[in-house]
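K.L.:
For reference, the sequence and a predicted model appear below.
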Amino acid sequence: MKGFKRSFIGLIILALLGGYYYIYEIRYRGKKENEKKINEKIYPVKKSDIAKFVYQRGKVKIVLEKTGGTWQITSPVNTKADKKTVDSLLGTLSGLKGFRKLLDVKWDNPEFGLVKNPVRITLYDEKGKAYKAAFGS
């Protein structure tokens, strides 16, 4: 009788573990993958690889370019940029993660804040590849 009780308890534990595995590993696997995609970086480029930064909001456009290892503001004026400020800005931007992606939406929907003067930030790597994002209000 003792052997039967131990086997029965072992069978119950096995069933509970199997149920746990099914519910949390198999059934919700797709949900976890979507969360992983959402938490991807907005700008998948390293701070050290960024060669150009473009900020645009309405008619305002600011362009920073790296020439010879130093940052230069090229638009709207041509002057040297503060290294600490640019490094801080690029460090923040290269570490940004999205909390939701808007793939199949109408961009003129006022709910997203992209109708009137969205902030558009484009980063260019050393090869000239552009990484773009728009930020609403």
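P.N.:
Received the coordinates, thanks. Keep in mind that what you see is a predicted model, and the values were worked out from it rather than measured.
K.L.:
per-residue confidence averaged over stretch 88-105?
P.N.:
Per-residue pLDDT over stretch 88-105 has a mean of 75.
K.L.:
all helices of the protein, in order?
P.N.:
2-21, 29-38, 83-94 (DSSP state H).
K.L.:
looking at these, which is closest to residue 47?
P.N.:
When the helices of the chain are compared by CB to CB, helix 83-94 sits nearest residue 47, at 4.5 Å. Where you see a C-beta, it was placed from the backbone N, CA and C, and this is true even at glycine.
K.L.:
Counting by contacts, list what that closest one packs against.
P.N.:
The helices and strands touching helix 83-94, judged by 3 or more CB pairs under 8 Å, 6 or more residues apart in numbering; DSSP states H and E, are strand 50-57, strand 70-75, strand 119-125.
K.L.:
what would the ones you listed look like in a markdown table with mean pLDDT, mean neighbour count and distance to residue 134?
P.N.:
Shown next, in a markdown table, are those (pLDDT from 0 to 100; neighbours: other CB atoms under 10 Å; distance: least, CB to CB, whole Å):
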| stretch | mean pLDDT | mean neighbour count | distance to residue 134 |
| --- | --- | --- | --- |
| strand 50-57 | 90 | 18 | 10 |
| strand 70-75 | 88 | 16 | 19 |
| strand 119-125 | 88 | 18 | 5 |
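K.L.:
do you know which of those lies nearest residue 16?
P.N.:
strand 119-125 (49.7 Å).
K.L.:
Check which helices and strands the closest one sits against.
P.N.:
Right, strand 119-125 is packed against strand 50-57, helix 83-94, strand 130-135 by 3+ CB pairs under 8 Å, 6+ apart.
K.L.:
follow-up on the earlier one: CSV for the helices and strands packed on helix 83-94, including distance to residue 131?
P.N.:
CSV is the format used below for these (distance: least, CB to CB, whole Å):
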stretch, distance to residue 131
strand 50-57, 9
strand 70-75, 17
strand 119-125, 5
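K.L.:
Can you tell me which of those strands is nearest to residue 7?
P.N.:
strand 119-125 (62.2 Å).
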